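> have a look at this prediction, sequence included:
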Amino acid sequence: PGIEKTKKPVESEPRIPSIPVDHKIQPGTKQILDERGADGLADWVRSRQKVLVTDTTFRDAHQSLLATRVRSRDLLQAAGPTAHLLPELFSVEMWGGATFDVAYRFLKEDPWDRLAKMREKMPNLLFQMLFRGSNAVGYTNYPDNVIKAFIEEAADAGIDV
């Protein structure tokens, strides 16, 4: 007694929203951080009366639902429409946890290159990283100096939160 597998998926190809060529990306929280600094961003957050939303699709859904096997080229297809259609997001959690490790070891991709290309597609949104304390973005405990250096490198490469 098995499960009948005759039903076809509703969609066979991903539906990527089309963005008009002349559509400009609206400024977002990344511009607030760049213009006002960390303290200015914190003041802006405290002044908000609305709930601020972080989209975790690029990291958590990718990691938890899809076994962290989504390639950069696939993520990049959704990055541009996200920046255009959701400029009011507080941040996009798109790096860290297993995504860094798996990009490098399993997918044979450069996670730093992924970060740079994602920034090109989403210049208006804060990038957020899941950081596992002494495990950083891997599966081993690292010395404090390695953790500090990694955080500094990630910030220099484009991680904001």
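Looks like it came in fine. Just so you know, these numbers come straight off a predicted model, no measurement behind them. Residues are numbered from 1 along each chain as shown.

> can you give me the neighbour number for L75?
For L75, the count of nearby residues is 21 (other Cβ atoms under 10 Å). C-beta here means a position set from N, CA and C on the backbone, and glycine is covered the same way.

> where's the nearest residue to V146 once chain neighbours are set aside relative to M129, distance?
The shortest distance from V146 to any residue other than its chain neighbours is 7.4 Å, reached at A136 (Cβ to Cβ, 6 or more residues apart in numbering). Distance of A136 to M129, given as Cβ to Cβ, to the nearest Å: 10 Å.

> quick check: next helix or strand after the longest helix along the chain?
Longest helix in the chain, counting residues (DSSP state H): helix 29-47. Stepping forward along the backbone from helix 29-47, the first helix or strand reached (DSSP states H and E) is strand 54-55.

> quickly run through the sheet partners of that following strand, with directions.
strand 91-96 (parallel) (DSSP bridges).

> in the next helix or strand after the strand it pairs with, what's buried?
Heading C-terminal from strand 91-96, the first helix or strand you meet, by DSSP H and E, is helix 98-105. Neighbour-count burial for helix 98-105, counted by 16 or more other Cβ atoms under 10 Å, picks out A98, T99, F100, D101, V102, A103, Y104.

> now render the residues you listed as TSV, adding pLDDT.
Listed next are those as TSV, based on pLDDT from 0 to 100:
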residue	pLDDT
A98	75
T99	77
F100	79
D101	76
V102	78
A103	79
Y104	80
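
> now the residue sitting nearest the centre point of the chain. Nearest residue, chain neighbours left out?
Nearest to the mean C-alpha position of the chain, counting by Cα atoms, centre = their mean, stands M94 at 1.7 Å. Spatially, and ignoring its direct neighbours in sequence, M94 is nearest to F58 (3.6 Å; Cβ to Cβ, 6+ apart).
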